[in-house]
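1. Sequence plus the predicted model coming up.
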Amino acid sequence: MGSDLLADARALDATLLHWRRHLHAHPELSGHEANTASYVAAALREMGLEPRARVGGMYGLTVDLGPAGGPCVALRADMDALPIQEQTGLPYASRTPGVMHACGHDAHTAMLLGAARLLSARRGELARPVRLIFQPAEEQPPGGAKPMIDAGVLDGVERVYGLHIWSEMPVGTLGTRAGVFMASTDELDIVIRGRGGHAAMPQQCVDPIVAASQVVVALQSITSRSIAMTDSAVVSITQFNGGTASNIIPEEVRLAGTVRTLSEATRAAVLRRLREIVEGVARAHGAEARVEVGAGYPALVNDAAAVESALRAARGLGIASESILQLAAQGGGEDFAYYARRVPSAFVFLGARNEAKGCVFAHHHPRFNIDEDALPLGAALLAALALSAA
Ligand SMILES: [Zn+2]
Ligand SMILES: [Zn+2]
């Protein structure tokens with residue numbers, strides 16, 4: 001069955017390219033995927049399927065296939081693009097200035113449409129119901145997964161699978177790991193408020209630049225002094241803004257950054273230390289601090305049995321065992337984590353790197369592109385997961 005599936009997916013190649021390139025040329029930002037959702041719905045209707053639109057209040061879409069009742073398997077793709085000006089020069093480059101599919105979500109959507117096509121031709125072979133989830137707003141926390149889950153997309157679902165195109169891995173490979181696979185993400189917004197004045201009379205001021213500088217340095221002690229050697233975390237301060245002139249001590253400095261951890265316990269510990277350090281160091285300088293932690297995503301934890309099913313399906317497609325990679329936990333975040341928290345799930349990376357084709361740029365880079373040979377493999381793998389019995 002597996003090799004037939006891959007052959008059928010390869011026969012769909014021109015259609016997969018057509019979908020992916022259309023989506024690539026017409027990217028939409030998180031929460032604004034109106035045209036993308038209409039395009040997906042039209043493609044599904046053309047297959048004789050009946051998608052449900054606006055699931056979860058945004059542009060989420062689901063469609064059910066196979067027998068009614070019984071435990072269901074769900075396949076999820078995300079649909080949103082990023083606020084980046086594309087610089088690939090591709091003939092199907094973004095036609096929307098400042099917006100680009102620079103993470104591969106166009107490919108995810110095309111591959112799930114491909115799986116829908118493969119599965120609708122095999123409806124009689126489906127042993128259990130299958131739900132396809134086309135999700136908006138992955139790139140922007142609080143994300144599109146949670147509202148779809150709140151709207152009931154996981155009701156009756158016992159497994160969820162998702163793929164992410166991965167530019168760090170050669171095309172033809174796939175990789176994942178059981179257990180924690182992707183990090184929790186928390187966005188930081190910190191204000192250090194002092195007392196401004198003339199730069200020649202610092203004794204009359206509380207200098208927030210000096211205080212904030214000490215804060216940035218002290219925060220690096222969290223990962224080196226508060227985290228066990230067997231655990232890991234990242235604290236990155238990425239913006240440091242304050243001041244207007246060389247002879248003025250400003251009133252305040254604003255810092256932004258991100259925290260990544262691999263467990264809820266570490267996440268809580270890091271955020272607690274972060275508040276203590278920011279507030280304590282600011283106070284030691286006579287300044288005040290405000291720390292706000294924006295809604296991020298929890299760590300994505302893959303279920304071991306779901307991962308095993310995914311690897312079995314991959315082997316069934318004829319993927320050689322040396323092309324199936326055991327990956328380390330990743331620092332990036334994903335709102336697929338919310339599905340995985342509710343239902344045993346597996347999230348799998350699909351290689352799309354190809355030096356010869358120039359597909360070497362990182363995700364979120366203005367020249368990001370994928371080797372489209374990954375598309376049939378991804379579509380076949382998703383379909384295989386729906387068709388497999390466990
Ligand atoms: Zn991304
Ligand atoms: Zn992504």
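-> Happy to help now that I have it. Owing to the predicted nature of the structure, the values given are computational and were not obtained by experimental measurement. Numbers count the residues shown, from 1 in each chain. Ligands and ions are numbered 1, 2, ... in the order given.

2. For the stretch 251-390 of the chain, which segments count as strands?
-> 252-261, 288-294, 300-302, 324-326, 345-353 (DSSP state E, counting those that start in this stretch).

3. and the last one, average pLDDT?
-> Strand 345-353 comes out with an average pLDDT of 98.

4. and it, which residues are buried?
-> S345, A346, F347, V348, F349, L350, G351, A352, R353 (16 or more other Cβ atoms under 10 Å). Heads up, the C-betas are built off the backbone N, CA and C, glycines and all.

5. do you know how far the third one is from E138?
-> F347 sits 12 Å away from E138 when distances are taken as Cβ to Cβ, to the nearest Å.

6. hang on, the earlier thing: relative to L382, which of the strands of the stretch 251-390 of the chain is closest?
-> strand 345-353 (9.7 Å; Cβ to Cβ).

7. and that closest one, what does it pack onto?
-> strand 157-170, strand 174-176, strand 300-302, helix 304-316, helix 374-387 (3 or more Cβ pairs under 8 Å, 6 or more residues apart in numbering; DSSP states H and E).

8. Quick check: which of these is buried the most?
-> Of the helices and strands packed on strand 345-353, the one with the most neighbours on average (mean count of other Cβ atoms under 10 Å) is helix 374-387, at a mean of 27.

9. so what does it touch, helix or strand wise?
-> So helix 374-387, by 3+ Cβ pairs under 8 Å, 6+ apart, packs with helix 2-11, helix 13-25, strand 72-78, helix 105-120, strand 157-170, helix 304-316, strand 345-353.

10. So what angle separates the directions of the next helix or strand after the fourth one and helix 105-120?
-> Read in the C-terminal direction, the helix or strand following helix 105-120 is strand 130-135, with elements assigned using DSSP states H and E. Orientation of strand 130-135 against helix 105-120 (axes from the mean of the first three to the mean of the last three Cα atoms, to 10 degrees) gives an angle of 160 degrees.

11. just the angle between strand 130-135 and strand 72-78, please?
-> Using the same axes, to 10 degrees: strand 130-135 against strand 72-78 is 20 degrees.

12. ok, residues contacting the helix or strand following strand 130-135?
-> Moving toward the C-terminus from strand 130-135, the next helix or strand (DSSP H and E) is helix 145-150. Contacts to helix 145-150, defined as Cβ atoms under 8 Å, 6 or more residues apart in numbering, come from residues 55-58, 60, 62, 76, 133, 135, 138, 335-339, 342.

13. Just the buried subset of the residues you listed, please.
-> By 16+ other Cβ under 10 Å, the contacts of helix 145-150 give 55-56, 58, 60, 62, 76, 133, 135, 138, 335-339 as buried.

14. for those, which one is nearest C359?
-> Of all the buried ones among the contacts of helix 145-150, C359 sits closest to E138, with 21.1 Å by Cβ to Cβ.

15. Now tabulate the helices and strands packed on strand 345-353 in a markdown table and tack on distance to T223 and mean pLDDT.
-> Listed next are the helices and strands packed on strand 345-353 as a markdown table, based on distance: least, Cβ to Cβ, whole Å; pLDDT from 0 to 100:
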| stretch | distance to T223 | mean pLDDT |
| --- | --- | --- |
| strand 157-170 | 23 | 97 |
| strand 174-176 | 26 | 98 |
| strand 300-302 | 20 | 97 |
| helix 304-316 | 28 | 97 |
| helix 374-387 | 34 | 97 |
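
16. Tell me which of those sits nearest to H365.
-> Among those, strand 157-170 sits nearest to H365 (Cβ to Cβ), with 8.5 Å.

17. got the angle between the closest one and helix 374-387?
-> Angle, strand 157-170 to helix 374-387, by the same axes, to 10 degrees: 160 degrees.

18. Partner strands of strand 157-170 and their direction?
-> strand 72-78 (parallel), strand 345-353 (parallel) (DSSP bridges).

19. OK, contacts around the residue nearest in space to the middle of the chain?
-> With distances taken as Cα atoms, centre = their mean, E334 lies nearest the centre of the chain, 3.5 Å away. Contact partners of E334, counting by Cβ under 8 Å, 6+ apart, are E138, H164, M182, Y297, L300, F347.

20. Which neighbours do F347 and E138 have in common?
-> Joint contacts of F347 and E138 (Cβ under 8 Å, 6+ apart) are E334, F336.

21. isn't I249 right up against H198?
-> Yes - the pair formed by I249 and H198 meets the contact definition of Cβ atoms under 8 Å, at 7.2 Å.

22. Which one's more surrounded, the two?
-> I249 (23 against 11; other Cβ atoms under 10 Å).

23. Which residues are in contact with the more buried one?
-> So I249 contacts G194, G196, G197, H198, A199, P202, C205, D207, P208, I209, G243 (Cβ under 8 Å, 6+ apart).

24. Restricted to helices, list those residues.
-> Applying DSSP state H to these, the entries found in helices are P208, I209.

25. most neighbours, which of the contacts of I249?
-> P208 (29 neighbours).

26. Could you report the pLDDT at that one?
-> Looking at P208, the pLDDT reads 98.

27. Tell me the spatial nearest neighbour of it, not counting adjacent residues.
-> Closest residue in space to P208, ignoring its immediate chain neighbours: G194 at 3.6 Å, by Cβ to Cβ, 6 or more residues apart in numbering.

28. circling back: any chance of the helices and strands packed on strand 345-353 in TSV, with distance to H365 too?
-> Formatted as TSV, the helices and strands packed on strand 345-353 follow (distance: least, Cβ to Cβ, whole Å):
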stretch	distance to H365
strand 157-170	9
strand 174-176	20
strand 300-302	22
helix 304-316	27
helix 374-387	17
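
29. Let me know which of those is the nearest to W19.
-> helix 374-387 (8.7 Å).

30. Just the CA trace of the closest one, in PDB.
-> C-alpha atoms of helix 374-387 as PDB (Å, rounded to 0.1, in the frame of the first residue of the first chain):
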ATOM      1  CA  ALA A 374       9.500  17.200  -0.300                       C
ATOM      2  CA  LEU A 375       5.800  17.900  -1.200                       C
ATOM      3  CA  PRO A 376       4.800  14.400  -2.500                       C
ATOM      4  CA  LEU A 377       6.600  12.700   0.300                       C
ATOM      5  CA  GLY A 378       4.800  14.900   2.900                       C
ATOM      6  CA  ALA A 379       1.400  14.300   1.300                       C
ATOM      7  CA  ALA A 380       2.000  10.600   1.200                       C
ATOM      8  CA  LEU A 381       3.200  10.400   4.800                       C
ATOM      9  CA  LEU A 382       0.100  12.300   6.000                       C
ATOM     10  CA  ALA A 383      -2.200  10.000   4.000                       C
ATOM     11  CA  ALA A 384      -0.300   7.000   5.300                       C
ATOM     12  CA  LEU A 385      -0.800   8.100   8.900                       C
ATOM     13  CA  ALA A 386      -4.600   8.400   8.300                       C
ATOM     14  CA  LEU A 387      -4.700   5.000   6.700                       C
END
